[in-house]
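>>> whatever this is, show me its structure:
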Amino acid sequence: MYFLDPDSGRRRRALACDKYMSGKTAVQNAAQSAVHDAANRTRGAIARLQGNLASREEPVDDAVLTERVRAAMGHVITDPHAIEVRVHEGTVTLKGPALQHEIGELVACTERVRGVRQVDNRLSISNAS
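Residues are numbered from 1 along each chain as shown. The predicted structure is shown next:
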């Protein structure tokens, strides 16, 4: 009845069509984003698996491992320059001041770095907050 109204029917039909098209576009965009996200996550998982297999096969140079640890540290602590990183044959020694709530995450982050065999935690608790 409302769609066949000679005065406002055309406007109502156009509005309904616009709402339908808008909803259809939103659903298509959401589906496309979900597929893109799933593809990226799959590629990442495959790369991690390949990296883990490669790290078990061949030892990593100490200088390369030092830079990997430093790069990872920058994502989890506020002052990565205060931490001294030493690497010898896959064993990483962390030394220096760090905030108490960051120490656990720093050690865990270091253990996850590809090529690290062991972490020697010699961090001290910093007084800064």
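
>>> and stretch 91-104, how far apart are its ends?
Distance across stretch 91-104, first residue to last, is 17 Å (C-alpha to C-alpha, to the nearest Å).

>>> and it, which residues are buried?
For stretch 91-104, a neighbour-count test (16 or more other C-beta atoms under 10 Å) marks 92, 93, 94, 98, 99, 102, 103 as buried. (Each C-beta comes from the backbone N, C-alpha and C, glycine too.)

>>> I figured residue 107 hits residue 119, correct?
Yes: counting by C-beta atoms under 8 Å, a contact exists between residue 107 and residue 119, whose distance comes to 5.6 Å.

>>> shared neighbours, those two?
Listed contacts common to residue 107 and residue 119 are residue 94; contacts here mean C-beta atoms under 8 Å, 6 or more residues apart in numbering.

>>> picking up where we left off before, in a markdown table: the buried residues of stretch 91-104, plus pLDDT.
Formatted as a markdown table, the entries for the buried residues of stretch 91-104 read as follows, by pLDDT from 0 to 100:
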| residue | pLDDT |
| --- | --- |
| 92 | 95 |
| 93 | 96 |
| 94 | 96 |
| 98 | 90 |
| 99 | 89 |
| 102 | 90 |
| 103 | 91 |
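
>>> those in helices, which ones?
In helices, defined here by DSSP state H, the members of the buried residues of stretch 91-104 are 102, 103.

>>> between the buried residues of stretch 91-104, which is nearest residue 25?
When the buried residues of stretch 91-104 are compared for distance to residue 25 (C-beta to C-beta), residue 102 wins out at 44.5 Å.

>>> what residues are up against the closest one?
By C-beta under 8 Å, 6+ apart, the residues touching residue 102 are 76, 77, 78.

>>> assign the last one to helix, strand or coil.
To tie it back to what came earlier, the one meant is residue 78. Using DSSP: H, G, I helix; E, B strand; the rest coil as the criterion, the local structure at residue 78 reads coil.

>>> quick check: it vs residue 123, distance?
Computed as C-beta to C-beta, to the nearest Å, the residue 78 to residue 123 distance reads 14 Å.
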